[in-house]
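J.: What follows is a predicted structure for the sequence shown.
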Amino acid sequence: MSSIDYNREIKVRDGLCYRFFKRAFDIFASFTFLCVFSWLILLILLLKWLEDFHRPWYVSIRIGKHLKPFKFHKVRSMIKNADRLKKKLIKKGLNEADGPAFKMKDDPRITPFGKFLRKTSLDEILQFWDIFLGRMSIVGPRPPLPEEVKQYTEYQKHRLDVKGGLICLWQITKNRNSLSFDEWVELDIKYIEHRSVWYDFKIMVKAVWFVLTDHSGE
């Protein structure tokens, strides 16, 4: 039986000074990244287009802070009409994740170049634009899909008490691929209750280390 107290009060750490420095850093970091690596973004989009001659970026609606929807950008790592195939996979009972999330170890929707993009996290590169616009932050819970949020309990909705992020706490957990959805939520809430400039910095450093040392299979 789960030891999680679903009725406990969640205290959002959200001081004015912290919010100011967090947003200032988001603007600076995202603008700098977009300027310095614009060539890389264009190259990745070109290579993706050459793979299947379809639009190389993907736009979906995600749910952000206080259940507010926003447009979310990624480099497309899947085949065209991947959302339609996802529904078929769910109906066949092939979803390997618990809760409202969807996950497959060998997802047939992912293209060969898409596998490279995901392994290197380069499919997330366009989200720096969302960060610059203020829709997301560098660090925060990953923004979910609307159909996932519809299945959330009131307790799980607390992960939407803050702005969604590019990097979250469960992504830098060594056994992240074996975490249950409840464990994802608990890590997100842990971040919400303890976040600070120093905590964000430690998460970002560890995220870079995870990417460079290839922990994708853990």
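T.: Cool, got the structure.
J.: With adjacent residues omitted, what lies nearest to the most centrally placed residue in the chain?
T.: Centrality entry for the chain: nearest residue to the mean C-alpha point is Arg142, 3.6 Å, by Cα atoms, centre = their mean. Distances taken as Cβ to Cβ, 6 or more residues apart in numbering place Cys168 nearest to Arg142, at 5.0 Å, with adjacent residues excluded. Just so you know, the C-beta spots here come from the backbone N, C-alpha and C atoms, and that holds for glycine as well.
J.: confidence score at that neighbour?
T.: We have a pLDDT of 91 for Cys168.
J.: Tell me how many other residues surround it.
T.: 22 (other Cβ atoms under 10 Å).
J.: and Gly134, what helix or strand is that in?
T.: According to DSSP states H and E, Gly134 maps onto no helix or strand at all.
J.: What score does it have for pLDDT?
T.: Gly134 is assigned 96 on the pLDDT scale.
J.: Correct me if wrong: it contacts Arg23.
T.: Yes - using Cβ atoms under 8 Å, Gly134 makes contact with Arg23 at a distance of 7.3 Å.
J.: Confirm for me that the residue nearest to Arg142 is in contact with Pro141.
T.: Yes - using Cβ under 8 Å, Cys168 is in contact with Pro141, at 5.2 Å.
J.: which element follows the lengthiest helix in the chain toward the C-terminus?
T.: Identified as the longest helix of the chain according to DSSP state H is helix 16-36. Of the helices and strands lying after helix 16-36 in sequence (DSSP H and E), the nearest is helix 38-52.
J.: buried ones in the helix or strand that that following helix is followed by?
T.: Later in the chain than helix 38-52, the nearest helix or strand by DSSP H and E is strand 57-63. Residues of strand 57-63 classed as buried: Trp57, Tyr58, Arg62, Ile63 (neighbour count, 16 or more other Cβ atoms under 10 Å).
J.: quick one: strand 57-63 to helix 38-52, angle?
T.: Angle of strand 57-63 versus helix 38-52, following axes from the mean of the first three to the mean of the last three Cα atoms, to 10 degrees, is 100 degrees.
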